[in-house]
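Visitor: no letters, just coordinates:
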């Protein structure tokens, strides 16, 4: 059994490059008959050993999840103060749509906070980018 993955800035360097890939997303999340809308910025976090382990701990998955924000915030991760925020891209969500452009090839975790008027739910999805292509997804 290996210990927690440590934060290594060099693991993130690929994600800081400019590329020719795009991610286009749409929020269409429904629960108990209620439609949820974006309630803030959509984040795009690079896939590294550190973030993969972190997302597995926080979301119980590295593929996709929809969890109450309070549940995610209550979970504890190793090395919680590691500052990888400078590698996280952010964009606004308008009319339930968001877009990330000029991305390099690689794996990414999309985080989108949504609400139907009550407590926020956090949607997470893994997506892979390839040069010259647009990854389209619906959360």
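Guide: Great, that's in hand. The structure displayed is predicted, hence computed values, not measured ones. Numbers count the residues shown, from 1 in each chain.
Visitor: same for the helix with the most length in the chain, what does it pack against?
Guide: Assignment by DSSP state H gives helix 49-59 as the longest helix of the chain. Judged by 3 or more Cβ pairs under 8 Å, 6 or more residues apart in numbering; DSSP states H and E, helix 49-59 is in contact with strand 121-129. Every C-beta, even on glycine, is put in place using the N, C-alpha and C of the backbone.
Visitor: buried residues in the next helix-or-strand element following the strand it packs on?
Guide: The helix or strand immediately downstream of strand 121-129 is strand 134-138, counting by DSSP states H and E. Residues of strand 134-138 classed as buried under the neighbour-count rule (16 or more other Cβ atoms under 10 Å) are residue 135.
Visitor: now for strand 134-138, which elements pack on it?
Guide: Judged by 3+ Cβ pairs under 8 Å, 6+ apart, the packing partners of strand 134-138 are strand 21-26, strand 121-129.
Visitor: could the ones you listed go into a markdown table alongside distance to residue 38?
Guide: What follows is the helices and strands packed on strand 134-138, written out as a markdown table (distance: least, Cβ to Cβ, whole Å):
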| stretch | distance to residue 38 |
| --- | --- |
| strand 21-26 | 10 |
| strand 121-129 | 10 |
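Visitor: who wins for proximity to residue 73 among those strands?
Guide: strand 121-129 (9.0 Å; Cβ to Cβ).
Visitor: what's that closest one in contact with?
Guide: For strand 121-129, the external contacting residues (Cβ atoms under 8 Å, 6 or more residues apart in numbering) are 19, 21-23, 27, 29, 31, 36, 47, 55, 59, 61-69, 72, 103-115, 135, 137, 139.
Visitor: sheet-wise, list the partners of that strand with their directions.
Guide: If you go by DSSP bridges, strand 121-129 pairs up with strand 64-68 (antiparallel), strand 106-115 (antiparallel).
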